[in-house]
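> Requesting a structural model of the entry that follows:
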Amino acid sequence: MFEIFLFVDPLCKECEKSEKTVLKLSKDIDSKFKIQFIPIYNLKVIQTDFCHSNNRIKKILSSSELYSLYHNVVLDYKAALFQGMKNGKSFFMDMQNKILDQGIKYTDSLSLETAKENNLDISMFQEDRRSNLAKNTVEEDQRIVKNMKVKKPASAVIFNCNKPNSGVLTNNVCYSGLFNACCNNNLTKDSLNDMIKSSKNKSIKTSGFHIVK
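Sure thing, here's the model as predicted:
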């Protein structure tokens, strides 16, 4: 079983693509996957287009408007997660699709409509979406970002749950690179070190991998 932490800018199209890449990987490899999307929520991410995705939202909104939008989307996502990880991820990706791809302006009505479409308990969702518990889980996410030494969005950390002493961090969420990592002798520390050494000597898409503990 693998556990993948995918660190994302919630309002970034490249991060949206990385989410789909990780979900496709979990379907294509004959292993169980536990996948968590971790929003990176700080002023630097809010104000910077790290992934060079030509983010229109960051160009047209003021700093205060951007902060409010991120604040609302992240807390809504955490509230949705309280009703199950699968429901939470589905809600999150639907919100991204509406805001980033369809260009729909975020409102409370949009959030509730999306919650209904993902079969969430609406009264529970409304109670949770601005709760202290949701805010605390966002803070916990930022501690995970710091502890895993994640520097930018669209990065992933993968652990082999059978051998959890070390994992691999990549700042390049590429399907072939992740596939190779997960198939490489069950993602052991020695196999990871060998893979990283090979990536420095060959033109294969595993560059950018680092061992994390």
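
> Next, residue 99: secondary structure please.
helix (DSSP: H, G, I helix; E, B strand; the rest coil).

> Settle this for me: it is touching residue 72, isn't it.
No: using C-beta atoms under 8 Å, residue 99 is not in contact with residue 72, being 10.6 Å away. In this view, the C-beta of every residue, glycine as well, is placed from N, C-alpha and C.

> Run through the protein and note the low-pLDDT ranges.
Applying pLDDT under 70 to the chain flags residues 163-166, 184-213.

> Helices of that one, residue ranges please.
13-28, 43-47, 56-60, 63-81, 85-96, 108-117, 122-128, 132-147, 175-183, 189-201 (DSSP state H).

> what would the ones you listed look like in a markdown table with distance to residue 156 and mean neighbour count?
Below are the helices of the chain laid out as a markdown table (distance: least, C-beta to C-beta, whole Å; neighbours: other C-beta atoms under 10 Å):
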| stretch | distance to residue 156 | mean neighbour count |
| --- | --- | --- |
| helix 13-28 | 7 | 18 |
| helix 43-47 | 16 | 14 |
| helix 56-60 | 23 | 13 |
| helix 63-81 | 18 | 19 |
| helix 85-96 | 14 | 19 |
| helix 108-117 | 25 | 16 |
| helix 122-128 | 27 | 15 |
| helix 132-147 | 12 | 13 |
| helix 175-183 | 7 | 18 |
| helix 189-201 | 14 | 14 |
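
> which stretch among these comes nearest residue 7?
helix 132-147 (6.2 Å; C-beta to C-beta).

> quick one: the closest one to helix 63-81, angle?
100 degrees (axes from the mean of the first three to the mean of the last three C-alpha atoms, to 10 degrees).

> about what we covered before: now distance to residue 162 too, for the helices of the chain, in a markdown table please.
As requested, the helices of the chain are exported to a markdown table (distance: least, C-beta to C-beta, whole Å):
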| stretch | distance to residue 162 |
| --- | --- |
| helix 13-28 | 17 |
| helix 43-47 | 33 |
| helix 56-60 | 41 |
| helix 63-81 | 25 |
| helix 85-96 | 20 |
| helix 108-117 | 36 |
| helix 122-128 | 34 |
| helix 132-147 | 21 |
| helix 175-183 | 13 |
| helix 189-201 | 12 |
